[in-house]
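>>> Okay, predicted coordinates and the sequence, questions at the end:
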Amino acid sequence: MSFSNSMFTGLIETTGTVERRAARAAGQALRCATPLAAELAPGDSIAVNGVCLTVVTADAAGFDVEVSPETLRVTSLGAAAPGTLVNLERPLRADARLGGHFVLGHVDAVGRVAGIKDQGDHHWVDIEFPAAFASSLISKGSVAVDGISLTVAALEADRFGVQIVPFTWAHTALRARQPGDTVNLEGDVLGKYVARLLKGSS
């Protein structure tokens, strides 16, 4: 994960495809093929499936990032084999509108797709989450799933449901997910600060 203070909106710019990965003495190097790479430069931050990473090299066809051992441990990037479709977003500019919600690219938990149902031209996706992530969720609140800003439409003890509109389904990597796949989860940062304050005052 990048240690920059980049901020994202959860509105995915485009998707890319993991082209190759290579082991390093510590962590891994990952190359992602995408036309967006033509607009990237070394040192830029980029959210890959909701994980804030730093571009090492970039050309017209793709970009390379290095993924630390800790990031591999706490995110789903370790399971992103060549051919995996991933969501991509560049950091929010200071003069841009905030259309989603504040996303930091710091993954809180790894969830698992429990089910996908067609609902006409919409899709309903159920996602299981670990118990430690429960405090980050409220019904009708915001959650980032693989970097996508979504609204919690249903909430149970160990899973939540989101309804995906046709545009989001067509323009993000969610369309390639299957039940059993892992996804990165990030709770709403404002909610996390409130929870922390309340815990400290109790």
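Right, received. Where do you want to start?

>>> and the closest residue to A61 other than its chain neighbours, what are its phi and psi?
In space, and not counting its chain neighbours, A61 is closest to A33: 6.0 Å by Cβ to Cβ, 6 or more residues apart in numbering. (Glycine included, C-beta is placed from N, CA and C.) Main-chain torsions, A33, degrees, to the nearest 10: phi -90, psi 130.

>>> For A33, give its distance to G43.
To G43, A33 is 20 Å away according to Cβ to Cβ, to the nearest Å.

>>> for this protein, what spans make up the helices?
69-74, 166-171, 189-201 (DSSP state H).

>>> coming back round to it: ok, A33 and G43, which is more surrounded?
A33 (15 against 11; other Cβ atoms under 10 Å).

>>> Identify the bridge partners of that one.
T17, G62 (DSSP bridges).

>>> Relative to A23, how far out is H101?
On the measure of Cβ to Cβ, H101 and A23 end up 35 Å apart.

>>> And G115, how close does it get to P179?
From G115 to P179 the distance is 6 Å (Cβ to Cβ).

>>> Over to Q28?
For Q28, the distance to P179 - Cβ to Cβ - is 26 Å.

>>> Equivalent analysis for V56, please.
V56 sits 34 Å away from P179, going by Cβ to Cβ.

>>> which of these two has more neighbours?
Neighbour totals were compared for V56 and P179, and V56 leads with 15 against 11 (other Cβ under 10 Å).

>>> from what I can see T168 touches R175, true?
No - counting by Cβ atoms under 8 Å, T168 stays clear of R175, with 9.1 Å between them.

>>> Neighbour count: these two, which is higher?
T168 (19 against 14).

>>> what's the pLDDT at the more buried one?
T168 is assigned 97 on the pLDDT scale.

>>> That one: what's it in contact with?
I12, I148, L174 (Cβ atoms under 8 Å, 6 or more residues apart in numbering).

>>> Please flag which of those residues sit within strands.
Among those, the ones falling in strands (DSSP state E) are I148.

>>> In JSON lines: the contacts of T168, plus neighbour count, distance to L77 and pLDDT.
Listed next are the contacts of T168 as JSON lines, based on neighbours: other Cβ atoms under 10 Å; distance: Cβ to Cβ, whole Å; pLDDT from 0 to 100:
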{"residue": "I12", "neighbour count": "24", "distance to L77": "16", "pLDDT": "96"}
{"residue": "I148", "neighbour count": "25", "distance to L77": "16", "pLDDT": "97"}
{"residue": "L174", "neighbour count": "25", "distance to L77": "16", "pLDDT": "97"}
